[in-house]
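# sequence and predicted structure are below.
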Amino acid sequence: MLIMLTGATGTLGRAAVPALLRAGHEIRALSREEQPRRDVTWVRGDLATGYGVREAVAGCDAVVHLAALDRATAGDLLSRPGTAPGALTVDATGTRALVTAAREAGVTHLLHVSAVGAGRSGPMRRRAEAERFVRESGLPFTILRVTHLHQRLDQVLRGLTGSPVLPVDRSLPWQPLDAGEAAARVTGLLADGPGRAVTEYGGPHVLATSELVRTWLAARGLRRLCPPLRYPGKVAAAQRKGALTTDAMPRGRITWHDYLNPPPMPSEDFAEEHTASPTSPANQPERDPDRHVYGGDEGYQRPTRG
């Protein structure tokens with residue numbers, strides 16, 4: 001299946017590309033700049049202006065729309081202003097341009113990745129508006145809402161390490177999800193076909209900001225003062241009420257702790273250390289050596305912030 005992908009260079013996009021390729025799909029991706037991957041067909045374009053969108057969608061079987069204004073992570077956690085010019089148009093206007101192009105091209109499935117809270121939180125109105133364009137497009141669609149991604153939270157926290165103080169709002173719940181698991185969910189929903197419905201997908205556990213930050217500091221070997229601070233703004237208020245978490249099943253399995261503390265990679269001598277010797281029972285004629293073998297089977301956010 002030929003898939004047109006937006007947000008391919010974003011946090012989720014970088015996980016979705018290999019997942020979709022492993023599933024046997026061909027990928028055509030929209031990008032404002034030249035990209036190094038050669039297993040993807042890149043089309044120069046800009047979702048905010050609509051440039052190149054029709055060319056990117058033409059002839060595709062399905063569209064996977066990942067590009068979005070990534071306010072959900074940076075805005076909620078940091079409560080800091082500063083959005084790139086044009087980025088605000090991606091969620092709503094950009095989605096509308098994409099929907100129009102997909103309809104003209106006769107796309108048979110539009111899979112739109114949104115954010116948990118888009119349908120319940122007023123401050124995320126642009127996400128809700130983008131969902132509305134998809135639902136009312138007349139196209140067969142699936143809308144997947146996901147919670148905050150481990151990788152984005154990690155990136156945002158890394159940006160704060162220059163300060164000896166890291167204020168935390170203990171009242172905010174987080175439900176971090178691994179980008180790889182979100183990408184696998186996207187791939188599965190694409191294989192299932194358009195459900196003409198909204199589904200949600202979140203991480204395995206809900207954490208308070210204090211636990212989220214404490215776990216991150218321990219994993220990174222850092223010490224910071226973490227005084228309490230109530231984050232201002234409507235998005236933080238909605239998050240405080242639980243609008244950005246979900247009870248939907250299934251959930252991801254990789255916890256925030258496990259993401260930050262991955263198991264050690266095997267050494268270069270792993271294969272040599274674990275290869276059966278010529279005198280091993282595994283290599284004796286009366287045994288089946290195959291039964292003893294060791295082995296095993298891995299945007300648009302400023303305008304695309306990843």
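Received it, and whenever you're ready, just let me know what you need.
# quick one: Ala184 and Ala16 touch, right?
No - applying Cβ atoms under 8 Å, one finds Ala184 not in contact with Ala16, separated by 9.1 Å. Glycine gets a C-beta too; all of them are placed from N, C-alpha and C.
# of the two, who's got more company?
Taking other Cβ atoms under 10 Å, Ala184 and Ala16 do not tie; Ala16 has more neighbours (29 against 18).
# show me the helices in the stretch 151-300 of the chain, by range?
Assigned by DSSP state H, counting those that start in this stretch, the helices in the stretch 151-300 of the chain fall at 179-192, 209-220, 234-240, 256-260, 270-273.
# let's have the ones you listed in a markdown table, adding distance to Glu136.
Listed next are the helices of the stretch 151-300 of the chain as a markdown table, based on distance: least, Cβ to Cβ, whole Å:
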| stretch | distance to Glu136 |
| --- | --- |
| helix 179-192 | 20 |
| helix 209-220 | 36 |
| helix 234-240 | 24 |
| helix 256-260 | 36 |
| helix 270-273 | 54 |
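# closest one to Asp169 among those?
Nearest to Asp169 among the helices of the stretch 151-300 of the chain is helix 209-220 (5.2 Å), distances taken as Cβ to Cβ.
# with just CA atoms, put that closest one into PDB.
C-alpha atoms of helix 209-220 as PDB (Å, rounded to 0.1, in the frame of the first residue of the first chain):
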ATOM      1  CA  THR A 209       4.600  15.800  37.700                       C
ATOM      2  CA  SER A 210       6.700  15.300  40.800                       C
ATOM      3  CA  GLU A 211       7.100  11.500  40.100                       C
ATOM      4  CA  LEU A 212       7.700  12.200  36.400                       C
ATOM      5  CA  VAL A 213      10.500  14.600  37.100                       C
ATOM      6  CA  ARG A 214      12.000  12.600  40.000                       C
ATOM      7  CA  THR A 215      12.300   9.500  37.900                       C
ATOM      8  CA  TRP A 216      13.800  11.500  35.100                       C
ATOM      9  CA  LEU A 217      16.400  13.200  37.300                       C
ATOM     10  CA  ALA A 218      17.400   9.800  38.800                       C
ATOM     11  CA  ALA A 219      17.800   8.200  35.400                       C
ATOM     12  CA  ARG A 220      19.900  11.100  34.100                       C
END
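# quick one: contacts of that helix?
With contact meaning Cβ atoms under 8 Å, 6 or more residues apart in numbering, helix 209-220 is reached by 77, 153-154, 157, 161, 166, 168-172, 174, 176, 207, 223-224, 226, 256-257, 260-261.
# so what's the gap between stretch 24-33 and the chain middle?
Distance, stretch centre to chain centre, for stretch 24-33: 16 Å (Cα atoms, centre = their mean, to the nearest Å).
# buried residues, it. List them.
His25, Ile27, Arg28, Ala29, Leu30, Ser31, Arg32 (16 or more other Cβ atoms under 10 Å).
# gap between Ile27 and Leu139?
Counting by Cβ to Cβ, to the nearest Å, the gap between Ile27 and Leu139 amounts to 19 Å.
# ditto for Ala97
From Ala97 over to Leu139 (counting by Cβ to Cβ), the distance is 14 Å.
# quick one: low-confidence ranges for the stretch 51-200 of the chain?
Within the stretch 51-200 of the chain, the segments meeting pLDDT under 70 span 69-89, 121-123.
# where do the strands of it begin and end?
62-65, 109-115, 141-146, 173-174, 198-201 (DSSP state E, counting those that start in this stretch).
# could those go into a markdown table alongside distance to Arg132?
Formatted as a markdown table, the strands of the stretch 51-200 of the chain follow (distance: least, Cβ to Cβ, whole Å):
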| stretch | distance to Arg132 |
| --- | --- |
| strand 62-65 | 14 |
| strand 109-115 | 11 |
| strand 141-146 | 10 |
| strand 173-174 | 26 |
| strand 198-201 | 11 |
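# and those: which comes nearest Thr245?
strand 173-174 (5.4 Å).
# same for that closest one, what does it pack against?
Secondary-structure packing of strand 173-174 (3 or more Cβ pairs under 8 Å, 6 or more residues apart in numbering; DSSP states H and E): strand 207-208.
# look up the pLDDT of the closest residue to Arg185 other than its chain neighbours for me, please.
Spatial nearest neighbour of Arg185, excluding adjacent residues (Cβ to Cβ, 6 or more residues apart in numbering): Tyr201 at 5.1 Å. Looking at Tyr201, its pLDDT stands at 98.
# Tyr201 contacts Arg253, correct?
No - using Cβ under 8 Å, Tyr201 is not in contact with Arg253, being 11.7 Å away.
# appreciated, that's everything.
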